[in-house]
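Q: Please work out how this folds:
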Amino acid sequence: MSWNLHTRCTAFVDGQRVAAGELRHVAIKAKQAVDARAEARLLVFDDRDGSQIELDLRGNMSDLMQRLSGDAPITPPQDETPIRRGRGRPRLGVTAREVTLLPRHWQWLNAQPGGASVALRKLVEDARRRNAESDRARGCQEAAYRFMHAMAGDLPGFEDATRALFAQDVAALEQHMVGWPDDIREHALMLAADALHH
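A: Next up is the predicted model:
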């Protein structure tokens, strides 16, 4: 997932939360914390999906802000190959990809008003609407898992906590996280909240 200066994220230094909020503010706090402790281990997580955000904290604060804002010079890759335009309607965001179906599926799709493409788009939109809540819950579980794996993978109860997370068992999850540092436990529960109260 792409990020920008307004991406909501949380930074941890040696397992302790040092900042939460927009990336532009979190990066400043993270640099201050790392500069204060030379051997500190910094991890920054995107609050949307639990993925890690790599921050380049070299140099001074001005250097950091230039890199974050995109003002720093960017060296283009040496082996840049031209992008080949495929089928589809790129201006509308439509791209052609291969779909493998049985002959009876193609027959049914081709018999639909508008043809196979229109029918497939309608089917996908219907499924997205129908499954929106369960998709959101699964996304929260995956975000919490990514964070837990990075921050608590070596902590006691991690595997049991993971099973409880995917079983949506709030009581068991909290029980297996009892010995974890408060900041890690609270952030994992925050990421998983929608899935746990689904």
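
Q: Point to the residue nearest the middle of the protein.
A: Per C-alpha atoms, centre = their mean, the C-alpha nearest to the average position across the chain is that of Asp49, at 2.7 Å.

Q: tally of neighbours for the nearest residue to that residue once chain neighbours are set aside?
A: Of all residues not flanking Asp49 in the chain, Ala143 sits nearest, at 4.9 Å (C-beta to C-beta, 6 or more residues apart in numbering). Glycine gets a C-beta too; all of them are placed from N, C-alpha and C. Using other C-beta atoms under 10 Å, Ala143 has 23 other residues around it.

Q: which ones are touching Ala143?
A: Neighbour list for Ala143: Arg48, Asp49, Gly50, Ser51, Leu191, Ala192 [criterion: C-beta atoms under 8 Å, 6 or more residues apart in numbering].

Q: The residue nearest to the centre of the chain and Phe147, how far apart?
A: Relative to Phe147, Asp49 is positioned 9 Å away (criterion: C-beta to C-beta, to the nearest Å).

Q: Please list only the buried members of the contacts of Ala143.
A: Those of the contacts of Ala143 that meet the buried threshold are Gly50, Ser51, Leu191, Ala192, by 16 or more other C-beta atoms under 10 Å.

Q: For the second one, give its distance to Gly59.
A: Counting by C-beta to C-beta, the separation of Ser51 from Gly59 is 25 Å.

Q: Next: the first one.
A: With distances taken as C-beta to C-beta, Gly50 is found 28 Å from Gly59.

Q: In this protein, where's the longest helix?
A: Ranked by residue count under DSSP state H, the longest helix found in the chain is helix 132-152.

Q: Flag every buried residue along it.
A: 137, 139-148, 151-152.

Q: again with stretch 7-16
A: Buried residues in stretch 7-16 (16+ other C-beta under 10 Å): Thr7, Cys9, Thr10, Ala11, Phe12, Val13.

Q: Farthest pair within the residues you listed?
A: Pairwise distances across these (C-beta to C-beta) peak at 18.8 Å, for the pair Thr7 and Val13.

Q: With just CA atoms, put stretch 12-20 into PDB.
A: The C-alpha atoms that make up stretch 12-20 are tabulated as PDB, following Å, rounded to 0.1, in the frame of the first residue of the first chain:
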ATOM      1  CA  PHE A  12       7.700   2.000  18.200                       C
ATOM      2  CA  VAL A  13      11.300   2.200  19.500                       C
ATOM      3  CA  ASP A  14      12.400  -0.900  21.300                       C
ATOM      4  CA  GLY A  15       8.800  -2.000  21.700                       C
ATOM      5  CA  GLN A  16       7.600   1.200  23.200                       C
ATOM      6  CA  ARG A  17       5.200   3.500  21.300                       C
ATOM      7  CA  VAL A  18       6.900   6.900  20.700                       C
ATOM      8  CA  ALA A  19       4.500   8.500  18.300                       C
ATOM      9  CA  ALA A  20       1.100   8.000  16.500                       C
END
